[in-house]
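>>> For reference, the sequence and a predicted model appear below.
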Amino acid sequence: MSTTEADCIFCRIVAGEIPATVVHRTATTVAFRDANPQAPTHVLVVPRTHVANAAELADVEPGTMSDLVTAAAAVAHEDGLGSDYRLVFNTGAGAGQTVFHAHLHLLGGRSLAWPPG
Ligand code: AMP
């Protein structure tokens with residue numbers, strides 16, 4: 001499934017066109033709290049550039065892929081998670097991806113089972 005920038009909900013959050021609880025911003029990334037949190041801390045870190053998934057981001061802007069992880073670590077620190085948190089990229093509808101703008105889930109603040117469901 002593909003989504004264009006014009007109808008992409010995360011592009012609209014990045015542009016400030018729809019509300020979100022933004023917790024961190026950099027030149028290349030924006031982080032905001034998930035609207036349907038699955039843990040006490042559930043933050044999405046997205047690239048400002050519209051790409052469908054993590055692999056595309058690594059292809060077109062490899063530095064931003066690294067920036068996502070750095071931003072997630074900063075938010076984890078700000079939320080008091082220390083070094084105990086999970087980072088997830090769902091890729092493809094079959095793996096649970098519902099928004100086709102690359103996003104890194106940061107989850108923490110509770111015990112996290114492994115393997116995930
Ligand atoms: P995924 O299922 O991996 O594509 O993750 C998409 C995530 O985006 C889900 O966890 C949704 O709860 C979250 N989400 C969808 N719309 C919004 C929104 N407007 N603000 C914040 N989070 C959202």
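Nice, thanks for sending it over.
>>> Any stretches of this structure with poor pLDDT?
In the predicted model, the chain carries pLDDT under 70 at residues 1-3.
>>> Can you pull the residues of it lying near the ligand?
Selection of the chain residues close to the ligand by Cβ under 6 Å from any ligand atom yields 9, 20, 32, 34, 35, 36, 44, 90, 96, 97, 98, 99. Backbone N, C-alpha and C define where each C-beta goes, glycine included.
>>> Now name the helix or strand holding the third one.
This means residue 32. Assigned by DSSP states H and E, residue 32 belongs to strand 29-33.
>>> which other residues reach that strand?
Strand 29-33 is contacted by residues 13-14, 20-25, 42-48, 64, 67-68, 71-72, 75, 106 when judged by Cβ atoms under 8 Å, 6 or more residues apart in numbering.
>>> make it 7 Å
Residues from elsewhere that reach strand 29-33, judged by Cβ atoms under 7 Å, 6 or more residues apart in numbering: 13-14, 20-24, 42-48, 64, 67-68, 71, 75.
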